[in-house]
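Trainee: need a 3D model of the sequence below.
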Amino acid sequence: MTILVTGARGQIGRAVLDSLHAKGLKVRAASNDPSALDLPAGVEAVALGDEPETLSAAVDGVDQVFLYANPTRANAFAAAAEQAGVEHVVLLSSSAASHPQAADNPIGASHLAVEKALAATTLVTTTLRPGGFDSNAFGWIPAVRAGQPIEHAHPDAALAMIHPLDIADIAVAALTGTELRGHTVTLTGPEPISFRAQIGQLAEAIGREIPIVQISRDEAATQLSRTMPPHIVESLLAVWDRYVDSPETPADTTETLLSVPARTFAQWATENAAAFTAS
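Mentor: The predicted model follows:
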């Protein structure tokens with residue numbers, strides 16, 4: 001059995017690849033730039049771009065796929081995988097696709113497009129819809145390293161953030177077992193945690209205080225727009241608005257799906273403290 005892992009340079013894709021390889025399974029890693037991949041011995045690297053020839057070559061001889069949602073090539077990839085005889089796809093989608101108004105939300109709509117492309121084929125698809133990642137906190141690195149306060153418009157918004165390795169563990173379970181096959185699951189961490197509490201736990205992990213400054217929504221939009229398109233900024237702020245007074249309710253976790261305790265944000269902060277203190 002050969003399993004194709006797309007997004008092999010990403011944190012989740014790489015964790016899925018390493019776990020499958022450690023289990024002795026045959027893994028093929030796909031990337032826009034396969035030459036940049038540093039892979040374990042025995043793992044094949046293939047190019048995966050928007051060109052039809054890369055799609056068909058990537059899935060040739062593949063039984064299962066771990067797929068990052070990419071709406072620009074969703075239909076072409078789904079067709080290539082179906083034609084190649086792929087049996088099962090585990091799709092990394094987003095909890096934004098779970099909302100009733102997902103089609104009106106740019107983030108939700110882009111992930112729904114990939115889900116619909118796969119649903120239009122005969123491929124058996126397991127869809128993972130995680131919410132916010134603990135690793136989103138990496139965005140605070142510049143401020144923390146510089147000893148500056150973290151500015152946030154919604155410090156008390158509480159989301160059930162999920163550790164990326166929990167997502168990887170669930171994906172691997174879906175690829176190596178049958179209990180999750182064909183299901184759609186919304187994934188979260190074990191409990192809602194506010195940004196203020198995250199910053200407090202991160203401060204504890206690095207051993208020094210991290211100040212917080214609450215800014216206006218407009219100021220936050222200006223900051224976020226430096227690295228995100230406007231429609232994504234508005235979607236993100238709307239999510240934070242929602243969870244200030246009503247914390248996000250946890251959904252499925254590694255505890256409910258795998259009977260393994262879900263990793264906490266405090267664990268993530270401890271594991272990644274060095275990234276916030278390196279010069």
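
Trainee: assign Ile58 to helix, strand or coil.
Mentor: Quick fix: residue 58 is Ala, not Ile. What DSSP: H, G, I helix; E, B strand; the rest coil gives for Ala58 is helix.

Trainee: can you give me the pLDDT of it?
Mentor: If you check Ala58, the pLDDT there is 95.

Trainee: residues in contact with it?
Mentor: By CB atoms under 8 Å, 6 or more residues apart in numbering, the residues touching Ala58 are 4, 6, 28, 30, 46-48, 80. For glycine as for every other residue, the C-beta is placed from the backbone atoms N, C-alpha and C.

Trainee: may I ask which of these has the most neighbours?
Mentor: Of all these, the highest neighbour tally under other CB atoms under 10 Å goes to Ala30, namely 30 neighbours.

Trainee: that one - that's part of a strand, no?
Mentor: Yes - per three-state DSSP, Ala30 lies within a strand segment.

Trainee: and it, how far is that from His163?
Mentor: To His163, Ala30 is 24 Å away according to CB to CB, to the nearest Å.

Trainee: now the contacts of Ala58 in JSON lines, with pLDDT?
Mentor: Shown next, in JSON lines, are the contacts of Ala58 (pLDDT from 0 to 100):
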{"residue": "Leu4", "pLDDT": "98"}
{"residue": "Thr6", "pLDDT": "96"}
{"residue": "Arg28", "pLDDT": "97"}
{"residue": "Ala30", "pLDDT": "94"}
{"residue": "Val46", "pLDDT": "94"}
{"residue": "Ala47", "pLDDT": "92"}
{"residue": "Leu48", "pLDDT": "91"}
{"residue": "Ala80", "pLDDT": "95"}
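
Trainee: list just the nearest of those residues to Gly139.
Mentor: Taking CB to CB as the measure, Gly139 sits nearest to Thr6 out of the contacts of Ala58, at 24.0 Å.

Trainee: great, nothing more from me.
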